[in-house]
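Novice: Below is the structure, and that's it, no one-letter string:
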Ligand SMILES: Nc1ncnc2c1ncn2[C@@H]1O[C@H](COP(=O)(O)OP(=O)(O)OP(=O)(O)O)[C@@H](O)[C@H]1O
Ligand SMILES: [Mg+2]
């Protein structure tokens, strides 16, 4: 189970969660995309606009429904989704009084463990904060995939995120690893972008993926059609970059002897 997380807004989390999930699904893996962001962008990007879905992540978190009941199909037969519904926006507050509120997602999934076993990969799209929804993702997942832009302020955010991941690992989820860091919305015309990437590679030599996701208009257009980029324009540079990312994620997991 992979959490796609970065507390900074607009770094490419949702685009990465959706298109990585679709690319893994296109490689015949069974993939479940879970939208943990009340904005619901990942849900609409796979055809389940937040306002239309009736059951979703919120009901699952509150234990109102089982995993099976929360699952919605998508246009790709091997990709399913648990959408965000409007009430997810209240979850941060409602969960304040719940005991062990950081592990409600992990427990909901454990209750549905036979259904969880149906999926090769579960991809969690996190909101842009380190609040209770993100914390639930980090407690439930075995790894965090970090999308980031090659910008100076993104670099500052990365340190805070890595600290948080280490703290969650020490206190709440000893299995948690960093799956990798992927640079998004890359504009090769800027020198600064190349410097930022070089800097992050120096600090995390094994974590930065070789593939860099370019700025590509197809990636920003496809969500409005409710489709991942590979169903919208598979030849586009964006769709191809995410297919490459999926291959790299799979190859690196194989090296680590993970499924
Ligand atoms: N490679 C790309 N090329 C062009 N546009 C992109 C690319 N990646 C993302 N975008 C666009 O940039 C915006 C932010 O991306 P995205 O929604 O994936 O980020 P996010 O980290 O999920 O944001 P938030 O923090 O609000 O959840 C979106 O409008 C998206 O369509
Ligand atoms: Mg998002």
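Specialist: Arrived safely, thanks for sending. Quick caveat: nothing in here was measured; it's all calculated off a predicted structure. Ligands and ions are numbered 1, 2, ... in the order given.

Novice: So what's the residue count around the residue of the stretch 151-259 of the chain found nearest ligand 2?
Specialist: As assessed by C-beta to the ion, ligand 2 sits closest to residue 223 within the stretch 151-259 of the chain, at 10.2 Å. In short, each C-beta sits where N, CA and C put it, glycine included. As a burial measure, residue 223 scores 22 neighbours (other C-beta atoms under 10 Å).

Novice: That one: what's it in contact with?
Specialist: Residue 223 makes contacts with 14-15, 18, 41, 44-45, as judged by C-beta atoms under 8 Å, 6 or more residues apart in numbering.

Novice: ok, residue 237 - how many residues close by?
Specialist: Residue 237, neighbours per other C-beta under 10 Å, totals 16.

Novice: what's the nearest residue to it if we skip its chain neighbours?
Specialist: Nearest residue to residue 237 in three dimensions, chain neighbours excluded: residue 216, at 4.9 Å (C-beta to C-beta, 6 or more residues apart in numbering).

Novice: Roughly how far does that neighbour sit from residue 252?
Specialist: Distance, residue 216 to residue 252, using C-beta to C-beta, to the nearest Å: 23 Å.

Novice: neighbour-wise, which of the two wins?
Specialist: More crowded of residue 216 and residue 252, by other C-beta under 10 Å: residue 216, with 21 against 15.

Novice: Kindly report the residues of the stretch 101-250 of the chain close to ligand 1.
Specialist: 128, 184-185, 213, 215-216, 219-220, 238 (C-beta under 6 Å from any ligand atom).

Novice: Filter the residues you listed down to just the ones in helices.
Specialist: 219-220, 238 (DSSP state H).

Novice: Buried only: go through those residues for me.
Specialist: The neighbour-count test (16 or more other C-beta atoms under 10 Å) marks 219, 238 as buried among those.

Novice: Can you name the residue of the protein nearest ligand 2?
Specialist: residue 14 (3.2 Å).

Novice: how far away is residue 240 from residue 159?
Specialist: 31 Å.

Novice: and the two? which has more neighbours close in?
Specialist: residue 240 (19 against 10).

Novice: would you list every one of the strands in the stretch 151-259 of the chain?
Specialist: Using DSSP state E, counting those that start in this stretch, the strands of the stretch 151-259 of the chain run over residues 177-184.

Novice: what residues are up against the residue of it found nearest ligand 1?
Specialist: The stretch 151-259 of the chain approaches ligand 1 most closely through residue 220 (3.5 Å), counting by C-beta to the nearest ligand atom. Residues in contact with residue 220 (C-beta under 8 Å, 6+ apart) are residue 15.

Novice: I am finished for the moment; much appreciated.
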